[in-house]
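Visitor: generate coordinates for the sequence data below:
(one chain, ligands or ions: 1)
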Amino acid sequence: MHGEMMEEQLLISDILEHAAAVHGQAEIVSRYSHRDIHRYGYADALERTKKLANALSRLGVIEGQCVGTLAWNDHRHFELYYAISGIGAITHTINPRQSSEQISYIINHASDTFIFLDPDFIPLLESIEHQIKGVIGFVVLANRFEMPPTKLPNVWCYEELLQGESETYHWPRFPDSTAASLCYTSGTTGDPKGVLYSHRSTLSHARAVAGGEGWMLDSSSSVLPVVPMFHACAWGIPYSAAMLGSKLVLPGGALDGKSLFELIDSEAVNSMCGVPTVWQGLLRHLDSIGRKLTNVEKVVVGGSAAPLSMIQEFDEKHDVFVMHGWGMTELSPVGAVNCLTPEMKLMPRNERHQLQMKQGKPLFGIKMKIVDDNGMEQPHDGRSFGRLMVKGPWVAKSYFKCTDHSAFSCDGWFDTGDISTIDSSGYMQIVDRAKDVIKSGGEWISSIEIENAALGCDGVTEACVIAATHDKWGERPLLLITVNKLRSEKTVQQHLANVLPKIWLPDAIIIVETLPHNATGKLLKQELRKTYQNYLISDEIA
Ligand code: ADP
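Guide: As a prediction, this is how the structure comes out:
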């Protein structure tokens, strides 16, 4: 027997209609790349989004077509998120940090009809224009007087495009399983893979991350997503903030510590989200000017693990709670969050910091299990580890136009490629990426744990551990670090000896000028592995 309730579909356009109706004056504040501030409310945003929806229809964009965006976090990108998906087309966010080959590959693969781009990215598109012939036109996100000269063909000015359009638009209704947006993984191996989100998956995810198990947003929040809107929908924040009427602070392209602090301070930001490298930059800036964070209550760290030293520094110097969020493009992207619980509040500081190191509990809707190489489920005892498998309504079931289904098991679980533990309370902790874990003799060594330990040593600014081939042990850890003060490898070695088991100590430590990163700011370990593969080949363990 079916329930007798309405079969009302919830669509992305409903979020903005709701925000405009009940949180119309709540602000969206954006900083343009040239540092001016733009501010308006959700009601204004809806008006302009409707004009954009009319403009898209006039350009000939129809349901099911992909429209590319190549833009920083600002109000125009926000309008694109809602207008493109709202008319039933697909918002394809393009990550400008990917290589130009990858960018032309994904534009062609998605068959983008138009690309909306910030002026900053004109040179990038000019350099690949001859490879993306399917694109009908380019819309530059600017006023007419800001339009730079360009060799791109068929160019529109965004503000002119909107100018003559009506503020009346009736959003079409369609099944909520309709595709809404598309994001490609950074593709460290092989071609990038597209993850095609639906309206339903986007709304389910946004509701889950917005609430008490997630970012804990409400109408008193002022939230700063430093995490880019061009990757994995900025962790759902442009949707979650609108659902709850939170003030949304969008930082444009200036992501250095100084620029971020100016915005955090002037907009009374109390929640912010980003990858660890961004927060390192902010902390160093605050140190250099001797300032404290006054309004910020929590900082969400995801994309890679937050080192213990960062959790401690935010807490002890700034009274800010570091909240791990774990996820990946294939999960829209968030699967687990480590939020502040009543039990945590009562814990001694050190104990709480240790617990904060875990990536968190799965959000309601996400199921998790860990399995060994034979697919045998491992116990949730906080010690046994295995490949992390997930399923849920905002987890991908296949890649866009792709025949490789190896990550998707036939019984409906997605293999994340992460190795993790799960404890008896349900906290999941990432041990390593399966491809990064160091297999030394019979032992598995976590590269992440060594990196965290190294970052706890004063003067170490970045740390990367890779598996180097070793004739006796198979693989041994090799530590590469960047430093901001003159110091010898010996100091780091001594520090590590105090905090790590002997067998985990890296066989060598190398100070380097810089470490390579991929398009989402993660360390490019594969590249380093190629260079340093044979560095330890006949060394004995120290
Ligand atoms: P890609 O585009 O390469 O798929 P993602 O941004 O989706 O990149 O990265 C997903 C991976 O990032 C996860 O599988 C995990 O290894 C790592 N990751 C994400 N969040 C965290 C976190 N909080 N702590 C540790 N690792 C994380």
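Visitor: check contacts around the residue lying closest to Leu80 once chain neighbours are set aside.
Guide: Nearest residue to Leu80 in three dimensions, chain neighbours excluded: Thr69, at 5.1 Å (C-beta to C-beta, 6 or more residues apart in numbering). In short, each C-beta sits where N, CA and C put it, glycine included. By C-beta atoms under 8 Å, 6 or more residues apart in numbering, Thr69 lies in contact with 77, 80, 84, 91-94, 115-117, 229-230.
Visitor: ok, those vs Gly274, which is closest?
Guide: Met229 (12.4 Å; C-beta to C-beta).
Visitor: so which of the contacts of Thr69 sit within helices?
Guide: 77, 80, 84 (DSSP state H).
Visitor: which residues sit in contact with the last one?
Guide: Under the criterion of C-beta under 8 Å, 6+ apart, the contact partners of Ile84 comprise 56, 61, 67, 69, 90-91, 181.
Visitor: would you reformat those residues as JSON lines and include secondary structure, pLDDT and distance to Leu124?
Guide: As requested, those are exported to JSON lines (DSSP: H, G, I helix; E, B strand; the rest coil; pLDDT from 0 to 100; distance: C-beta to C-beta, whole Å):
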{"residue": "Leu56", "secondary structure": "helix", "pLDDT": "98", "distance to Leu124": "23"}
{"residue": "Val61", "secondary structure": "coil", "pLDDT": "98", "distance to Leu124": "22"}
{"residue": "Val67", "secondary structure": "strand", "pLDDT": "98", "distance to Leu124": "18"}
{"residue": "Thr69", "secondary structure": "strand", "pLDDT": "98", "distance to Leu124": "13"}
{"residue": "Ile90", "secondary structure": "strand", "pLDDT": "98", "distance to Leu124": "21"}
{"residue": "Thr91", "secondary structure": "strand", "pLDDT": "98", "distance to Leu124": "19"}
{"residue": "Ser181", "secondary structure": "strand", "pLDDT": "98", "distance to Leu124": "21"}
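Visitor: thinking again about what came up before, quick one, which of the contacts of Thr69 are buried?
Guide: 77, 80, 84, 91-94, 115-117, 229-230 (16 or more other C-beta atoms under 10 Å).
Visitor: between the residues you listed, which is closest to Asn350?
Guide: Among those, and counting by C-beta to C-beta, the member closest to Asn350 is Met229, at 36.8 Å.
Visitor: surely that closest one meets Thr93?
Guide: Yes. In terms of C-beta atoms under 8 Å, Met229 counts as a neighbour of Thr93; the distance is 6.5 Å.
Visitor: next, format the ones in helices among the contacts of Thr69 as CSV and append pLDDT and distance to Val437.
Guide: As requested, the ones in helices among the contacts of Thr69 are arranged in CSV below (pLDDT from 0 to 100; distance: C-beta to C-beta, whole Å):
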residue, pLDDT, distance to Val437
His77, 98, 37
Leu80, 98, 39
Ile84, 98, 40
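Visitor: with distance to Glu8 added, can I get those residues in CSV?
Guide: What follows is these, written out as CSV (distance: C-beta to C-beta, whole Å):
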residue, distance to Glu8
His77, 29
Leu80, 26
Ile84, 22
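Visitor: could you dump those to TSV with distance to the ligand?
Guide: Conversion of the ones in helices among the contacts of Thr69 to TSV gives the following (distance: C-beta to the nearest ligand atom, whole Å):
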residue	distance to the ligand
His77	18
Leu80	21
Ile84	21
